[in-house]
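Enquirer: Based on what follows, work out the 3D shape:
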Amino acid sequence: MDSSTNKLSLVGPKWGRYFVGPIQFMVCYGAVIACTLLGGQCMKAIYLLSNPHGAIKLYEFVIIFGCFMLILAQFPSFHSLRHINLVSLVLCLAYSVCATAGSIYIGNSSKGPKKDYSINGDTESHIFGIFNAIAIIATTYGNGIIPEIQAR
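Expert: Model prediction:
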């Protein structure tokens, strides 16, 4: 078999759709659900900061954010979202600068909380924390497949 015909996946073009396809679908589906829930939680947190006794429930924020994602999904390509991506990049960089500067300031001042670097919890919570960290890293850095899927 020629190596140029086997570029779809390691298991070949016939079996690739049965092994790789469902895994990619599950990862993308899980990422969409996780992003929608996280977006709803963030919206609720911002809402509670501005209105501490607010009556809007979490599921309502999840629905609002889901509708927003549904609108964004109607754009034909990622290139159409370049302005939103630019705003997102600027906000992420600003957040990183503010968090770093605030951490350095509090770490060097006497006003900061007492420093305690011990790890709390039992072995079970440590193991779940490790798996949670691995899942966060995998979903954060593993979604480079989306431009590849769109390019096909």
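Enquirer: Tell me how the chain divides into domains.
Expert: Here the domain parsing of the chain from the TED database is 8-74, 77-110, 120-151.
Enquirer: Regarding the chain, what is its longest helix?
Expert: Ranked by residue count under DSSP state H, the longest helix found in the chain is helix 13-50.
Enquirer: List the buried residues of it.
Expert: For helix 13-50, burial by neighbour count (16 or more other C-beta atoms under 10 Å) applies to Val27, Ala31, Thr36, Gly39, Gly40, Met43, Lys44. Where you see a C-beta, it was placed from the backbone N, CA and C, and this is true even at glycine.
Enquirer: pLDDT on it, on average?
Expert: For helix 13-50, mean pLDDT is 84.
Enquirer: Over to stretch 115-122?
Expert: On average, stretch 115-122 scores 80.
Enquirer: returning to that earlier point: what's the closest of the buried residues of helix 13-50 to Pro113?
Expert: Among those, Lys44 lies closest to Pro113 (C-beta to C-beta), at 25.9 Å.
Enquirer: Look up how far Val32 lies from that closest one.
Expert: Using C-beta to C-beta, to the nearest Å, Lys44 is found at 19 Å from Val32.
Enquirer: Which strands and helices lie in contact with the helix or strand where Ile130 lies?
Expert: Ile130 belongs to helix 123-141 when assigned by DSSP states H and E. Helices and strands touching helix 123-141, by 3 or more C-beta pairs under 8 Å, 6 or more residues apart in numbering; DSSP states H and E, are helix 13-50.
Enquirer: next one: the helix it packs on to chain centre, how far?
Expert: A distance of 8 Å separates the centroid of the chain from that of helix 13-50, by C-alpha atoms, centre = their mean, to the nearest Å.
Enquirer: Which neighbouring elements make contact with that helix?
Expert: Secondary-structure packing of helix 13-50 (3+ C-beta pairs under 8 Å, 6+ apart): helix 58-72, helix 123-141, helix 145-151.
Enquirer: And these: which comes nearest Val97?
Expert: Checking the helices and strands packed on helix 13-50 against Val97 by C-beta to C-beta gives helix 123-141 as the closest, at 19.8 Å.
Enquirer: what comes into contact with that closest one?
Expert: For helix 123-141, contacts defined as C-beta atoms under 8 Å, 6 or more residues apart in numbering pick out Val27, Gly30, Ala31, Ala34, Ile119, Gly121.
Enquirer: ok, back up a step: now for the helices and strands packed on helix 13-50, which one comes closest to Pro113?
Expert: Closest among those, using C-beta to C-beta: helix 123-141, at 21.3 Å.
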